[in-house]
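A.B. asks: Just need the structure, nothing else, for what follows:
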Amino acid sequence: MVTEPSPAEGAASRSKASHARVVIAAPASGQGKTTVATGLLGALRRRGTDVAPFKVGPDYIDPGYHRIAAGRPGRNLDPVLVGEERIAPLFRHGAAELSVVEGVMGLFDGRIGSGDGLAAGSTAHVAQLLDAPVVLVVDARGQSHSLAALLHGFRGYRPEVRVAGVILNRVGSPRHEEVLRDAADAAGLPVLGAIPRADDLAVPSRHLGLVTAVEHGTDAVRAVEAMTEIVARSVDLDAIAQIARSAPELPGPTWNPREEVAPQGSPVVAVAGGRAFTFAYAEHVELLEAAGARIAVVDPLNDERLPEGAAGLVLPGGFPEQHAAELSANTALRREVAAFAAGGAPVHAECGGLLYLSRELDGHPLCGVLDARARMSSRLTLGYRDAVAAADSALFAEGSRVSGHEFHRTVLEPAAGAPAWFWRSGEGPQREGFVDRGVHASYLHTHPAGQPGSVERFVARCA
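C.D. replies: Residues are numbered from 1 along each chain as shown. Have a look, this model is predicted:
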């Protein structure tokens, strides 16, 4: 006789299912992790598996493609920005029947100078925090038997990081695949798939990486469909699912935004979106809403007014430099944002949002809230920063310490007014960003799940 499970048994079953997980890693950048991770999400979803996507590190672009493939938000796991203790709770918050975690750079690459153990923020670090098996994606162009040495090294370097198999990418021919399979067998790792070379899988890139999925529009959907199709044909999905389900239970609490912040009233908070402002963590809006905010999205490329009743404005990062002429042409909204900020309303601007508030960007007039001008540069500014709040603001109390991340090819002159942050770098003490009345504007990206008090403070100021 078949009996229905009790509520407790059903909850336990769902909990166990939600912990199935696999990390997609590689020996280095450019091996095909995004193609494989995105294709796996799409292929598993296509056959009826409820999948959840994650990305290691402070990446805003890959999660957009993950979202198309999985049908749910892509989330980031970055122990540098949120702390080691929050990685498993944040994972549980976003997990589904089977979760796919795309790594960053090479498996063991992370924050430089972060100690003798696993590099902080590396894919291996996150895999260990999640106790998750790892599948290596290897670009097989230009190698055959040497694959055995590469896999042997990655498998044995840190045995606590469990490398469970390999997916061969950009395989040249059936004979090439045969030799590579022999090499993997010699290293003691199963081959879980062999993906042939396919030029049509390329996604357009620009100075900071891929073009965002929102900007790429229907082409992004087609790219995800192509990734899904080739992974479905070339990868053993049953073997991947079996590896994911071999991960042990992940005990502990689940991150809950309503346990991180207290309601601070119910102000309307405008959040910039659209093609120019896409760099935002999913947990940011969740925390804003948990703190009582009513979210209204505004698209600075198309909307000429701020949402009715807006009491605060969030301008996330993105690629405003790619849309400077269009942003400049929307003079009605630029003037309204300038008046809004001049009136002392809370404004939180990060990176792309910082540029939007400047006087101009590459000669295109913008909001003029900040007495600074921005221009494109040939230099990439990239890295984690340990920062100290330089002044009281709508987000932080003076002296607050945060871990953040810079990622831009623009230069602002001057780089700071009354600064938002102090930090030290190889060039010495740095002053960065702007705090003026209700405005907090900076190049520094922070993860709100690592600083929930800043969200609560912001909503309180709005209210």
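
A.B. asks: Every contact and neighbour count from this point should use C-alpha atoms.
C.D. replies: Will do.

A.B. asks: hey, what's the residue nearest to residue 439 when sequence neighbours are not counted bridged with?
C.D. replies: Spatially, and ignoring its direct neighbours in sequence, residue 439 is nearest to residue 347 (4.6 Å; C-alpha to C-alpha, 6 or more residues apart in numbering). In this entry, residue 347 is beta-bridged to residue 313, residue 439, by DSSP bridges.

A.B. asks: And residue 347, how far from residue 279?
C.D. replies: Using C-alpha to C-alpha, to the nearest Å, one gets 16 Å for the distance from residue 347 to residue 279.

A.B. asks: One more: residue 122?
C.D. replies: Taken as C-alpha to C-alpha, the span from residue 122 to residue 279 is 21 Å.

A.B. asks: Check residue 42 too.
C.D. replies: Distance, residue 42 to residue 279, using C-alpha to C-alpha: 23 Å.

A.B. asks: now the longest strand along the chain, how far from the centre of its chain.
C.D. replies: Ranked by residue count and defined by DSSP state E, the top strand of the chain is strand 373-389. The chain centroid and the centroid of strand 373-389 are separated by 18 Å under C-alpha atoms, centre = their mean, to the nearest Å.

A.B. asks: What residues of that strand count as buried?
C.D. replies: With burial defined by 16 or more other C-alpha atoms under 10 Å, the residues of strand 373-389 counted as buried are 373, 374, 375, 384, 385, 386, 387, 388, 389.

A.B. asks: Spatially nearest residue to the third one (excluding sequence neighbours)?
C.D. replies: Counting by C-alpha to C-alpha, 6+ apart, the nearest residue to residue 375 once its immediate chain neighbours are dropped is residue 362, at 4.7 Å.

A.B. asks: For the one you found, list the residues it contacts.
C.D. replies: Residues near residue 362 by C-alpha atoms under 8 Å, 6 or more residues apart in numbering: 324, 374, 375, 376.

A.B. asks: State the pLDDT value of the second one.
C.D. replies: We note a pLDDT of 94 for residue 374 in this prediction.

A.B. asks: And the pLDDT at residue 15?
C.D. replies: On pLDDT, residue 15 comes in at 43.

A.B. asks: ok, now residue 425?
C.D. replies: For residue 425, the pLDDT comes out at 80.

A.B. asks: give me the low-pLDDT residue ranges for this protein?
C.D. replies: Where the chain drops to pLDDT under 70, the residues are 1-18, 114-116, 199-217.

A.B. asks: Which residues are in contact with residue 108?
C.D. replies: Contacts for residue 108 (C-alpha under 8 Å, 6+ apart) come out as 118, 119, 122, 123, 124, 125.

A.B. asks: which ones among those residues are found in helices?
C.D. replies: Taking DSSP state H, the ones among the contacts of residue 108 that sit in helices are 123, 124, 125.

A.B. asks: Just put these in JSON lines and tack on neighbour count and distance to residue 157.
C.D. replies: Shown next, in JSON lines, are the ones in helices among the contacts of residue 108 (neighbours: other C-alpha atoms under 10 Å; distance: C-alpha to C-alpha, whole Å):
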{"residue": "123", "neighbour count": "32", "distance to residue 157": "14"}
{"residue": "124", "neighbour count": "31", "distance to residue 157": "11"}
{"residue": "125", "neighbour count": "23", "distance to residue 157": "13"}
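
A.B. asks: Where do the strands of the stretch 301-450 of the chain begin and end?
C.D. replies: 310-315, 347-350, 360-361, 364-365, 373-389, 401-413, 421-425, 428-432, 434-436, 439-442 (DSSP state E, counting those that start in this stretch).

A.B. asks: elements contacting the longest one?
C.D. replies: For strand 373-389, the elements it packs on are strand 360-361, strand 401-413, strand 421-425, judged by 3 or more C-alpha pairs under 8 Å, 6 or more residues apart in numbering; DSSP states H and E.

A.B. asks: Kindly compare burial across those and name the winner.
C.D. replies: Most buried of the helices and strands packed on strand 373-389, by mean neighbour count (mean count of other C-alpha atoms under 10 Å): strand 360-361, with a mean of 24.

A.B. asks: and that one, how far from the chain's centre?
C.D. replies: 27 Å.

A.B. asks: got the contact list for it?
C.D. replies: 321, 324, 355, 366, 367, 368, 372, 373, 374, 375.

A.B. asks: Write the ChimeraX selection for whichever of the residues you listed are buried.
C.D. replies: Of those, the buried ones go into a single ChimeraX selection, burial set by 16+ other C-alpha under 10 Å:
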select :321,324,355,366,367,368,372,373,374,375
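
A.B. asks: Just give me the closest of the contacts of strand 360-361 to residue 453.
C.D. replies: Within the contacts of strand 360-361, the smallest distance to residue 453 is 25.1 Å, found for residue 355 (C-alpha to C-alpha).

A.B. asks: Thought residue 318 was touching the closest one, still the case?
C.D. replies: No - contact criterion C-alpha atoms under 8 Å: residue 355 and residue 318 do not qualify, at 9.9 Å.

A.B. asks: Excluding chain neighbours, what is closest to residue 280?
C.D. replies: The shortest distance from residue 280 to any non-neighbouring residue, by C-alpha to C-alpha, 6+ apart, is to residue 316 (5.9 Å).

A.B. asks: May I have the distance across stretch 323-339, first residue to last?
C.D. replies: Distance across stretch 323-339, first residue to last, is 22 Å (C-alpha to C-alpha).

A.B. asks: Kindly report the same for stretch 96-113.
C.D. replies: By C-alpha to C-alpha, the extent of stretch 96-113 from end to end equals 34 Å.

A.B. asks: before we move on, back to that, pipe the strands of the stretch 301-450 of the chain into a markdown table and attach distance to residue 242 per row.
C.D. replies: Conversion of the strands of the stretch 301-450 of the chain to a markdown table gives the following (distance: least, C-alpha to C-alpha, whole Å):
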| stretch | distance to residue 242 |
| --- | --- |
| strand 310-315 | 42 |
| strand 347-350 | 41 |
| strand 360-361 | 51 |
| strand 364-365 | 54 |
| strand 373-389 | 36 |
| strand 401-413 | 36 |
| strand 421-425 | 45 |
| strand 428-432 | 48 |
| strand 434-436 | 51 |
| strand 439-442 | 44 |
